[in-house]
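Trainee: A predicted structure for the sequence below; I have some questions about it.
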Amino acid sequence: MKKVLILCTGNSCRSQMADGWLNHLTSSDEVEVYSAGTHPEKVNPYAIKVMRKYGIDISENTSNNVLEYKDVNFDYVITVCDSAKELCPVFPSSNVLHESFPDPAKARGKEEELIKIYSKVCKSLKIYIEQFVKKYLS
C-alpha cells in the first residue's frame, strides 16, 4: 500500500480537495491518503460545498499539522502551494512532488463568485490528481 501526504499551508482548501479526489479515484487497499498544513485552519465550508457537487464528502475531514506525520514513511509527498513547499519538513524516504494552485480562500466576493473560484481550483486539482494516479500509482 502506498502512503501519500498532500500538503498546503492551511490544510483547509487545496489539500482537502486533493485528498478528496485521491480517495475518490483510488481504493483504500492501494492508497492511504493523508493531508496536512504548515499552519492548519479548519476545513473551509466552500471546499466542502464544491466537493459535494462531485459527490465527494469531505465534511468530516480534519485539518492536521504536518508535524503530526514527521515519523511516517510516505511514498509521496505532494505540495500544492509554494509556501508549503518552502516550509515542508524533510521526509527522507519520500518522493516529493510540487504543483502550485491558487488559494481560493483568499478570494472575496458573493457566494456564487466564490463557488466559481473554488470550482476552478477544484477542477485543476482533479486533473492533477488524475495524472498523479496514472503516472505513479497505476
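Mentor: Thanks, I have it. Keep in mind it's a predicted model, so treat the numbers as computed, not measured.
Trainee: so Met17 makes contact with Ala47?
Mentor: Yes. Using C-beta atoms under 8 Å, Met17 makes contact with Ala47 at a distance of 5.4 Å. For every residue, glycine as well, the C-beta is placed using N, CA and C.
Trainee: who touches both of these two?
Mentor: Ile58, Cys122 (C-beta atoms under 8 Å, 6 or more residues apart in numbering).
Trainee: between the two, which one's more packed in?
Mentor: Comparing Met17 with Ala47 by other C-beta atoms under 10 Å, the one with more neighbours is Met17, at 34 against 24.
Trainee: That one belongs to a helix, doesn't it?
Mentor: Yes. According to DSSP: H, G, I helix; E, B strand; the rest coil, Met17 belongs to a helix.
Trainee: Tell me where the chain has helices.
Mentor: For the chain, the helices defined by DSSP state H cover 14-25, 45-53, 82-87, 111-132.
Trainee: Just put the ones you listed in JSON lines and tack on distance to Asp71 and mean pLDDT.
Mentor: Putting the helices of the chain into JSON lines (distance: least, C-beta to C-beta, whole Å; pLDDT from 0 to 100) gives the following:
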{"stretch": "helix 14-25", "distance to Asp71": "19", "mean pLDDT": "97"}
{"stretch": "helix 45-53", "distance to Asp71": "28", "mean pLDDT": "97"}
{"stretch": "helix 82-87", "distance to Asp71": "18", "mean pLDDT": "79"}
{"stretch": "helix 111-132", "distance to Asp71": "24", "mean pLDDT": "97"}
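Trainee: Dead centre of the chain: give me the residue that sits there.
Mentor: Ser15 (1.9 Å; C-alpha atoms, centre = their mean).
Trainee: Just give me the neighbour total for Lys135.
Mentor: Count around Lys135 with other C-beta under 10 Å applied: 9.
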